[in-house]
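**Q** structure of the sequence below:
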Amino acid sequence: MPDTERVAERITDPADPRIAAFVSIRERDLTGRHNRFIAEGTVVLRMLAASAAGGGPFTAEAILLLENRLAGVADILAQFEDTVPVFVADATVFNAIAGFDMHRGVLAIGTRQRPQTLDGLLSTLPDEALILTACGLSNHDNVGSIFRNAAAFGASAVLLDETCCDPLYRKAIRVSVGAVLTVPFVRQGTAGNLLAAIEGRGFALWGLSPRGETDLDDISPAPRTALVVGAEGEGLPPAIMAAIRTARIRQKPGLDSLNVATATGIALHRIASLNGLV
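**A** Okay, here's the model as predicted:
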């Protein structure tokens, strides 16, 4: 078990090799490099610790703190194994290491130890489940917001096609308030492959689009429902729109559409309410 008190190692030189992974993380994002990523802020660090302590897929490789933040996160640090080093530095050294000063004084190099496969994730879903599938999302703010929505409304998983940006990108994790570390997800394959796999598991598929044929309020409850969303602006590809049922969110005329994250939040809340998840 981890100790209740952690001894932090002081860093006085930004070139110290012990903290090399943290150097200039704004310019050199770690996402995709051996399943490593940057976790930023107390809330996200707490989510990371909960995963590590609970046997989840995420843990920390190293933690870097402003010296005045150490006492305030002591309970979080206690959840990590003793092998995870904790470093502290003053503000001048910390900013020189990170390359920016919007880090809230709490950074960690996170690792994803057991990336899931599509079949593996689908096989773990309950008999009654709401999931979200996205294709072509390239905006990290939207991806982070979608994960936050998914967590808030009880979605069992988020499935991203290979053209979506990585949800383990630093900004996506921050915007999600750590929900990327709590909502199971996969990012692989084409949208067509994802939808075929989902349909094969008995999910009712609904594409969300301003051109949808059915009003969102008219969707009937189903034990398993998958909401499908496309990229900002372009929306869902015509081939997908033609292959599945589609729904629209009623709104006043004059505006083309809602932001994809906003629309996803509204739709998830509606379906979650129908199915008793919220």
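**Q** check which helices and strands the helix ranked longest in the chain is in contact with.
**A** Counting residues, the longest helix found in the chain (DSSP state H) is helix 260-274. Judged by 3 or more C-beta pairs under 8 Å, 6 or more residues apart in numbering; DSSP states H and E, the packing partners of helix 260-274 are strand 129-134, helix 140-152, strand 204-208, strand 224-229. Using the backbone N, CA and C atoms, a C-beta is placed for each residue, glycine as well.
**Q** give me the angle between that helix and strand 129-134.
**A** 160 degrees (axes from the mean of the first three to the mean of the last three C-alpha atoms, to 10 degrees).
**Q** convert the C-alpha atoms of helix 260-274 to PDB, please.
**A** Only the C-alpha atoms of helix 260-274 are listed here, as PDB (Å, rounded to 0.1, in the frame of the first residue of the first chain):
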ATOM      1  CA  VAL A 260     -21.300  19.700 -31.100                       C
ATOM      2  CA  ALA A 261     -20.400  19.500 -27.400                       C
ATOM      3  CA  THR A 262     -23.500  21.500 -26.400                       C
ATOM      4  CA  ALA A 263     -25.800  19.400 -28.700                       C
ATOM      5  CA  THR A 264     -24.200  16.200 -27.300                       C
ATOM      6  CA  GLY A 265     -24.900  17.300 -23.700                       C
ATOM      7  CA  ILE A 266     -28.600  18.000 -24.500                       C
ATOM      8  CA  ALA A 267     -29.000  14.700 -26.300                       C
ATOM      9  CA  LEU A 268     -27.300  12.700 -23.600                       C
ATOM     10  CA  HIS A 269     -29.400  14.300 -20.900                       C
ATOM     11  CA  ARG A 270     -32.600  13.500 -22.900                       C
ATOM     12  CA  ILE A 271     -31.700   9.800 -23.500                       C
ATOM     13  CA  ALA A 272     -30.300   9.400 -20.000                       C
ATOM     14  CA  SER A 273     -33.600  10.800 -18.500                       C
ATOM     15  CA  LEU A 274     -35.600   8.400 -20.700                       C
END
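**Q** tabulate the helices and strands packed on helix 260-274 (TSV), appending mean neighbour count and distance to Val73.
**A** Compiled in TSV, the helices and strands packed on helix 260-274 are given as follows (neighbours: other C-beta atoms under 10 Å; distance: least, C-beta to C-beta, whole Å):
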stretch	mean neighbour count	distance to Val73
strand 129-134	24	31
helix 140-152	23	22
strand 204-208	22	38
strand 224-229	24	35
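**Q** and Ala89, which of the ones you listed is closest to it?
**A** Closest of the helices and strands packed on helix 260-274 to Ala89 is helix 140-152, at 27.0 Å (criterion: C-beta to C-beta).
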